[in-house]
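In: From the sequence below, what's the structure:
(2 chains)
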Amino acid sequence: MKQFLKLFWPLLILMTTCLAQDWIKTGTGLGVEKVRLAVPDFTASTPDPKNADLLKVFNETLWNDLDNAGIFDMVSKSFYPLGQVGNPADVKFESWSAAPPSAAMLAFGNLGTSGNAMTVQGWLYDVKNVTSPQVLGKQYQDAATSDAARVTAHKFADEIIFRLGGGIAGIAESKIYFVSSRSGHKEIWAMDYDGANQHAVTHLNSISLSPRVSPDGSRIAFSSLAKGGWEILMYSLDLSRLVSFPRFGGTNLSPAWSSDGTKLAFSSSRSGDPEIYIVDSSGANLKRITAFKGPDVSPAWNRKTNAQIAWVSGRTGLPQVYTMESDGTNVQRLTDQGYAVSPAWSPNGQFLVVSWMRKYGPGAPGAQDIYIMDIASKQWVQLTHDGGRNDFPYWSPDGRHIIFQSSRAGSLQIWTMLADGTNQKQLTFAGANTQPNWSWK
Amino acid sequence: MAANAEIFFEHDRWGRNLAWSLVLHAAVTGAILLYAVVIPSSRGGGWGAGGGGDAMGVTLVSNVPLPAPQTQTQNVLANDSKGITQSLPKPEPTQEKLPDAIPIPDKIAKTKPAPKTTATQQKTKPEPVQEADNVIPYGQGGPVSGPYGTFNENGAKGGFGFTGGGGDFGSRYAWYVKVVQQKVSENWLKYEVDPRITTAQRVYVTFDVMRDGHPANVQIEQSSGVPSLDQSATRAIQRIDTFGPLPSDYAANKVSVEFWFDYKR
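Out: Here you go, the predicted model:
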């Protein structure tokens, strides 16, 4: 018998490996929890004195990116075992997976500069899986500047988020466009998603409002007070100047890109009442799609299908949020009372985020808060509570974050939070900053 | 004289003013009463009332593509955890003997002859070593410690494991399995299920995850007997664009997933 087995073992193994069809069996109710991720500081791999500054920037940025991602439970650094982890050989699996850190994942690596070049090596390890722990191994090379260190940290964080977040790209390299009056005029400004690197984009010395960046990130459409009144202007980020876009006459406000970048929706009062119009991104084929008494403003496309538009209508008195097909049919009202403005559609097409004053009028507590609504079930959830007036919410490209403006800090500033209302953070501090818009990737 | 007398004898004509005053007071009182009694029934009704949003509820956050918050341990004290500290019996105070102390003979004790010990008697039994079995995972009830296991949450019981002709996807890429589980759970909209159903049989769905991460060949392997539940389970998979590309060092071009849905309202 033993002889028989000895003979046939290799054959059996061969058969099973040939027939190998990998099966995953899993189900709901298993407790979906955040991944416990440990990120020890990256170490210096060369003795260059520049390393210390770059490492500080890199480590801070990487930690913040992963912490802000919303899908990780970051293991506090005080729980980490002693000793530096800069290379795979330094990883002691037991000490990371066992009690004090109890980490499921470990991101570690090293950074070294030689001359003006910086090399970063980073790994992501599944520390509970000793036999094949590596999930990710990356090497980056860039100039030895703190800006480059920040960008590299963003890139590495995005890789980790992409792997462990289910194929949704990270947002660490995304940009935020907003209106700032800190130069004395309301101009369009830009910053990184974490509030770093704030700089002015336009210098029109007029009043510019509601910036909306195109899906490919090459142009910004916004409304600005021109000679003939409020017009939609188009700014090219590639050329760093205004490019031509037709003037429609009347008051033209709140442009919104469709997610394929071919169309713009905006509100125009060229026929008297403010109504929703759709136009090609070139400015051709202007088409009016609403015809209701009362103002119709703030259109927002369904980012997944581009087949629906949510907008704000004042036909019943106070502004309310409605949806319709993009040809103007099938109008449905979503908000039942109060004062609801600024709808924005989530990237997966499932939710709207709006700014809503549920009780409006004399004697009512006039808190303006951010709500998200499920379009299909008409359920809603309040995300902000008791904190000034919150308005102009907008989704991040990963659908996990919402950016908005709030007056809770005394002046109008831009805040960000996770899409369940937690982790609220202030991004801008100088001047008054309003109407944030998140880039598409 | 006459002028003086006129001051005392001339009557003030304030009857008219009094009448006006009475009318005005009555009007103000009436207005207050009207405001307090009549109007609130029509105008103040909105206070605290739900206000017509009858089709709306608040159960949504689980559908946001974010992990749900960790379930809190119900009671820190009254559970069967042994805690993280081990309590040892207090060491008995040993009577210190000074080196030059002379024992006080209080009683002349009969010295017993020491029992004779044989070689066999001297063998002492090895004391069972008390293992420190009070180690509990951090956070208690937190993530599963191994890549796989069974556990409970919110009354629903589940388990996950891997079978199939020798494929080791599950043990090599446990993180990917977790991603699949998380994404499907996030995209399952329980409100699509017939609201009259309170509990149902487990429904098994199979599908393939292709190389680029998109799901394909979604099939009901075993129906729950509730069509709307079966449909919501299939839709949960179909709603997903991608799970993220399969691990780059994984050789095959797809992996098959069997996913079960336990429905309980």
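
In: Excluding chain neighbours, what is closest to residue A:208?
Out: The spatially closest residue to residue A:208, leaving aside those adjacent along the chain, is residue A:224, at 4.3 Å (C-beta to C-beta, 6 or more residues apart in numbering or on different chains). (C-beta placed from N, C-alpha, C; glycine too.)

In: Contacts only, for that neighbour.
Out: For residue A:224, the set of contacting residues under the criterion of C-beta atoms under 8 Å, 6 or more residues apart in numbering or on different chains consists of A:204, A:206, A:207, A:208, A:209, A:230, A:231, A:233.

In: Now the buried members of those residues.
Out: Buried by 16 or more other C-beta atoms under 10 Å in any protein chain shown: A:204, A:208, A:209, A:230, A:231, A:233, out of those.

In: Which residues are in contact with the last one?
Out: By that I understand residue A:233. With C-beta under 8 Å, 6+ apart, residue A:233 has these contacts: A:208, A:221, A:222, A:223, A:224, A:226, A:242, A:245.

In: among the residues you listed, who's most crowded?
Out: When neighbours are counted by other C-beta atoms under 10 Å in any protein chain shown, residue A:222 leads the contacts of residue A:233 with 27 neighbours.

In: any idea how far chain B is from the residue nearest to it when sequence neighbours are not counted?
Out: Distances taken as C-beta to C-beta, 6+ apart place residue A:211 nearest to residue A:222, at 4.4 Å, with adjacent residues excluded. Residue A:211 sits 26 Å away from chain B when distances are taken as C-beta to the nearest C-beta, to the nearest Å.

In: does residue A:211 belong to a helix or a strand, and which?
Out: When secondary structure is defined by DSSP states H and E, residue A:211 falls within strand A:208-213.

In: And for residue B:181?
Out: Using DSSP H and E, residue B:181 falls in helix B:174-187.

In: Any chance of JSON lines for the contacts of residue A:224, columns pLDDT?
Out: JSON lines is the format used below for the contacts of residue A:224 (pLDDT from 0 to 100):
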{"residue": "A:204", "pLDDT": "93"}
{"residue": "A:206", "pLDDT": "94"}
{"residue": "A:207", "pLDDT": "95"}
{"residue": "A:208", "pLDDT": "95"}
{"residue": "A:209", "pLDDT": "95"}
{"residue": "A:230", "pLDDT": "95"}
{"residue": "A:231", "pLDDT": "95"}
{"residue": "A:233", "pLDDT": "95"}
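
In: and the two most separated of those?
Out: Among the contacts of residue A:224, the pair separated by the greatest distance (C-beta to C-beta) is A:204 and A:230, at 12.9 Å.

In: What's opposite residue B:216 in the beta bridge?
Out: Residue B:216 forms beta bridges with residue B:208, as assigned by DSSP bridges.

In: Read off the pLDDT value for residue A:216.
Out: Reading off the confidence values, residue A:216 has pLDDT 95.

In: hmm, back to that, state the distance from the residue nearest to residue A:208 to residue A:363.
Out: Distance of residue A:224 to residue A:363, computed by C-beta to C-beta, to the nearest Å: 38 Å.

In: same check, this time on residue A:259
Out: From residue A:259 across to residue A:363, the span is 42 Å (C-beta to C-beta).

In: So for these two, which sits in the more crowded spot?
Out: Comparing residue A:259 with residue A:363 by other C-beta under 10 Å, the one with more neighbours is residue A:259, at 17 against 10.

In: Let's verify the more buried one: helix, strand, or coil?
Out: For residue A:259, the assignment made with DSSP: H, G, I helix; E, B strand; the rest coil gives coil.

In: how near is it to residue A:214?
Out: Applying C-beta to C-beta, the value for residue A:259 to residue A:214 is 10 Å.

In: same question, residue A:331
Out: Following C-beta to C-beta, the distance that separates residue A:331 from residue A:214 is 27 Å.

In: So which of those two has more stuff around it?
Out: Just comparing residue A:331 and residue A:214: by other C-beta under 10 Å the higher neighbour count belongs to residue A:214, 19 against 14.

In: dump the residue contacts of that one.
Out: So, once contact is read as C-beta under 8 Å, 6+ apart, residue A:214 ends up touching A:220, A:221, A:257, A:261, A:281, A:440.

In: try 10 Å
Out: A:220, A:221, A:234, A:236, A:237, A:257, A:258, A:261, A:264, A:281, A:439, A:440 (C-beta atoms under 10 Å, 6 or more residues apart in numbering or on different chains).

In: which of these are close to chain B?
Out: With the criterion set as C-beta under 10 Å from any C-beta of the partner chain, no member of the contacts of residue A:214 is near chain B.

In: Using JSON lines, lay out these together with secondary structure.
Out: Below are the contacts of residue A:214 laid out as JSON lines (three-state DSSP):
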{"residue": "A:220", "secondary structure": "strand"}
{"residue": "A:221", "secondary structure": "strand"}
{"residue": "A:234", "secondary structure": "strand"}
{"residue": "A:236", "secondary structure": "strand"}
{"residue": "A:237", "secondary structure": "coil"}
{"residue": "A:257", "secondary structure": "strand"}
{"residue": "A:258", "secondary structure": "coil"}
{"residue": "A:261", "secondary structure": "coil"}
{"residue": "A:264", "secondary structure": "strand"}
{"residue": "A:281", "secondary structure": "coil"}
{"residue": "A:439", "secondary structure": "coil"}
{"residue": "A:440", "secondary structure": "coil"}
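
In: Using PyMOL, define a selection of the buried residues within the residues you listed.
Out: Only the buried entries of the contacts of residue A:214 go into this PyMOL selection, using 16+ other C-beta under 10 Å:
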select buried, chain A and resi 220+221+234+237+257+258+264+281+439+440
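
In: Hmm, residue A:387 and residue A:410 touching each other?
Out: No. With the criterion set as C-beta atoms under 10 Å, residue A:410 and residue A:387 do not qualify as a contacting pair; they are 11.5 Å apart.

In: Who has more neighbours out of the two?
Out: Looking at residue A:410 and residue A:387 with other C-beta under 10 Å, you find the greater number of neighbours at residue A:387, namely 16 against 7.

In: surely that one meets residue A:406?
Out: Yes. In this structure, residue A:387 is within contact of residue A:406 by C-beta under 10 Å, at 6.3 Å.

In: which residue packs closest to residue A:286, ignoring adjacent ones?
Out: Computed as C-beta to C-beta, 6+ apart, the closest residue to residue A:286 that is not its neighbour in sequence is residue A:279, at 4.8 Å.

In: Which of the helices or strands spans the one you found?
Out: strand A:275-280.

In: so how far is that strand from its chain's centroid?
Out: 26 Å (C-alpha atoms, centre = their mean, to the nearest Å).

In: can you check stretch A:306-317 too?
Out: Averaged C-alpha coordinates place stretch A:306-317 at 24 Å from its chain's average position (C-alpha atoms, centre = their mean).

In: all strands for the stretch 151-300 of chain A, in order.
Out: Read by DSSP state E, counting those that start in this stretch, the stretch 151-300 of chain A holds these strands, from start to end of the chain: A:175-180, A:187-192, A:199-200, A:208-213, A:219-226, A:229-236, A:241-243, A:252-257, A:263-268, A:275-280, A:287-288, A:296-301.

In: Against which helices or strands is the first one packed?
Out: Secondary structure elements in contact with strand A:175-180, counted by 3 or more C-beta pairs under 10 Å, 6 or more residues apart in numbering or on different chains; DSSP states H and E, are strand A:187-192, strand A:208-213, strand A:219-226, strand A:390-395, strand A:401-406, strand A:413-418, strand A:433-438.

In: check contacts around the most centrally placed residue in chain A.
Out: Taking C-alpha atoms, centre = their mean as the criterion, residue A:396 is the residue nearest the geometric centre of chain A, at 2.3 Å. If you count contacts by C-beta under 10 Å, 6+ apart, residue A:396 has them with A:68, A:70, A:171, A:174, A:176, A:193, A:346-347, A:402-403, A:416, A:418-419, A:438-440.
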